[in-house]
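**Q** Have a look; sequence and predicted model below, questions after that.
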Amino acid sequence: MNTETVAILNTLEALTERVQALEAHAEANAHSPSDASSTVASADFWALHGVEQRRASDPSTADGVVMLVGSVTLPDGSPVAWQESAGTAGLLEVDWANHAASFAALGHPVRIELLRHVLSGTHATADLAAIESLGTTGQLHHHLRQLISTGWLRQSGRGNYEVPAARVVPLLVAVVGAAR
């Protein structure tokens, strides 16, 4: 055999080994979801597999890891991509009370509706005040203050509001979680 043929055969052998390793890895991970949703194809758990790989490779996440991740294009065309993770070691032992105000802000029907409108592109106070379901101007300002104080909204100019990019995905995750 000439040198070119040997090089091609070596490349083919290396590629075959890589494909076999990938297939073995995919087969090993195909059965990892352990709850009722395990009937869903393994490919549907690509984010979970990434979290599990991180957990396996990072000793600080041995007790577990949770992650919020999302990629969104808002109605105005603005892209938002966000990822946040935390190890769960000690998470159940710490006081959660300092998070109550943030959850409470989301717990009011007018405030959650207000956030939906702002995410959908209605940013100006005057435009928000024109939406009957958001109440009177005084009530609207009360709800805006609550959302600003808990970080779900910020003022982006005089009389204009936006959901901070770092809160878009967590907000949408909360909505998805609440729908379950």
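**A** Looks like it arrived, so ask away. Please read these numbers as outputs of a predicted model, since none were measured by experiment.
**Q** Which is the succeeding secondary structure element to the helix or strand harbouring residue 12?
**A** Assigned by DSSP states H and E, residue 12 belongs to helix 3-29. Using DSSP H and E, the helix or strand that directly follows helix 3-29 along the chain is helix 46-57.
**Q** Output the contacting helices and strands for that next one.
**A** When contacts are defined as 3 or more CB pairs under 8 Å, 6 or more residues apart in numbering; DSSP states H and E, helix 46-57 sits against strand 65-73. C-beta coordinates here come from the backbone N, C-alpha and C atoms, glycine included.
**Q** Which elements pack onto whichever strand or helix holds residue 138?
**A** Residue 138 is part of helix 137-149 when elements are defined by DSSP H and E. Under the contact definition 3+ CB pairs under 8 Å, 6+ apart, helix 137-149 sits against helix 100-106, helix 109-119, helix 125-129.
**Q** Beyond it, next helix or strand please.
**A** Remark: after helix 137-149, the chain's next helix or strand is strand 154-157, criterion DSSP H and E.
**Q** Do me a favour and average the pLDDT over that next one.
**A** Averaging pLDDT along strand 154-157 gives 93.
**Q** Okay, now the sheet partners of that strand, with direction.
**A** Paired with strand 154-157 in the same sheet, following DSSP bridges, are strand 160-162 (antiparallel).
**Q** Tell me how far the partner strand lies from the chain's centre.
**A** Here strand 160-162 is found 22 Å from its chain centre; the criterion is CA atoms, centre = their mean, to the nearest Å.
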